[in-house]
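> A structural model of the following input is requested.
(one chain, ligands or ions: 1)
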Amino acid sequence: MQFHVITLFPEAVRQMLGCGVTGRALKAGLASLRTWNPRDYAEDERGTVDDRPFGGGPGMVMMAEPVSLAIQQARTASPQGSRVVYLSPQGRPLNQHRLVAAARNDGLVLLCGRYEGIDERVLADQVDEEWSIGDYVLSGGELAAAVVMDALIRLLPGALGKNESAEQDSFMQGLLDCPHYTRPERWRGQPVPQVLRSGDHGAIENWRKRQALGRTWRRRPDLLARRQLSEDEQRLLQDYIDDYNSRPRGADEE
Ligand SMILES: C[S@@+](CC[C@H](N)C(=O)[O-])C[C@H]1O[C@@H](n2cnc3c(N)ncnc32)[C@H](O)[C@@H]1O
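Predicted coordinates for the structure are as follows:
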């Protein structure tokens, strides 16, 4: 997948993606990253890209022309059908469902704002969608763009090692993931659940499904309300709930 990021801080974006799963995927050519700096399209020699807001008030606004030219270049260089997405706190809240759909495209243009944001006329004219990574305000869109690219890259076939799988992750099946454990078998008096050491793959799978359902029920009931449960899943969840409700207060969660 080709990522084209329009940013005043290209090095920051590169650094954020350079390590771990995303770094390996970029090296392996599963994803590529190209950056476009509006400063390169500024009209004056100083590379001015921001100006004071009409109507007064604090802060600066990114100017229409340099941003617009950068978008045009990025659009031209990106695969056909690539969407131009402005990262913005006012955008549609991002979720896994939307990312899975976006991962089917060959390219994506991500526009990062700074200061008070970008001149509204460019957004109206050249942006296809606005995405928010949460109800809080960042200083710039670069962190948000990195979040989007990281979450998308791990969905690309071959991006995760053979022992990892995005399919089991939280939200992929409309549930939270089950808890995970590794060696040692007992850590500070706390054992790993017996079933995970049993070698019984059917029982392990059942336990994991039951935990995923139970966790989602306790932590994110809104997800369960949106998901159809199979008969098996209903039984496992009811079992978890009965067990949970019969525990003494303060007992271990799982
Ligand atoms: C300081 S913010 C501008 C906030 C803007 N004045 C507002 O209140 O809507 C600068 C840039 O950070 C990015 N940004 C801030 N919060 C974000 C969020 N929650 N999700 C995605 N991008 C965000 C956007 O690109 C924005 O243009």
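
> can you list the residues of the protein near the ligand?
87-90, 112-114, 116-117, 132-134, 136-141, 144 (CB under 6 Å from any ligand atom). C-beta coordinates here come from the backbone N, C-alpha and C atoms, glycine included.

> Okay, and which of the residues you listed map to strands?
87-90, 112, 132 (DSSP state E).

> List the buried residues of stretch 160-171.
160, 166, 169-171 (16 or more other CB atoms under 10 Å).

> Check stretch 32-47 too.
For stretch 32-47, a neighbour-count test (16+ other CB under 10 Å) marks 33-38, 41-42 as buried.

> Can you report how many residues lie near the nearest residue to E185 once chain neighbours are set aside?
Leaving out its chain neighbours, the residue that sits closest to E185 by CB to CB, 6 or more residues apart in numbering is V192, at 5.2 Å. V192 has 16 neighbours, counted by other CB atoms under 10 Å.

> ditto for the one 10 residues further on
The criterion is other CB under 10 Å. On that basis, G202 has 8 neighbouring residues.

> Double-check that it belongs to a helix.
Yes - counting by DSSP: H, G, I helix; E, B strand; the rest coil, G202 falls inside a helix.

> Got the confidence number for it?
pLDDT for G202: 98.

> give me every residue that touches L237.
Taking CB atoms under 8 Å, 6 or more residues apart in numbering, we find L237 in contact with 210, 213-214, 217, 224, 229.

> Three-state assignment for it, please.
Here L237 is helix, with the state taken from three-state DSSP.

> if I look at it, how far off is the ligand?
According to CB to the nearest ligand atom, to the nearest Å, L237 and the ligand sit 33 Å apart.

> for the stretch 51-200 of the chain, which spans come out with low pLDDT?
163 (pLDDT under 70).

> residue boundaries of the helices in it?
64-77, 96-102, 120-126, 142-153 (DSSP state H, counting those that start in this stretch).

> so what does the second one touch, helix or strand wise?
It stands for helix 96-102. helix 142-153 (3 or more CB pairs under 8 Å, 6 or more residues apart in numbering; DSSP states H and E).

> cool, and the third one?
Judged by 3+ CB pairs under 8 Å, 6+ apart, helix 120-126 is in contact with helix 64-77.

> Leaving out the residues flanking it, which one is nearest to the residue of the chain found nearest the ligand?
Going by CB to the nearest ligand atom, the ligand is nearest to G113 of the chain, at 2.1 Å. Leaving aside its sequence neighbours, G113 sits nearest to G141 (CB to CB, 6+ apart; 4.9 Å).

> Name all residues that make contact with that neighbour.
7, 86-88, 110-114.

> separation between it and R188?
Going from G141 to R188 by CB to CB, to the nearest Å gives 42 Å.

> just to revisit the earlier point, turn the buried residues of stretch 32-47 into CSV, including secondary structure and pLDDT.
Output for the buried residues of stretch 32-47, formatted as CSV (DSSP: H, G, I helix; E, B strand; the rest coil; pLDDT from 0 to 100):
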residue, secondary structure, pLDDT
L33, strand, 98
R34, strand, 98
T35, strand, 98
W36, strand, 98
N37, coil, 98
P38, helix, 98
Y41, helix, 98
A42, coil, 98
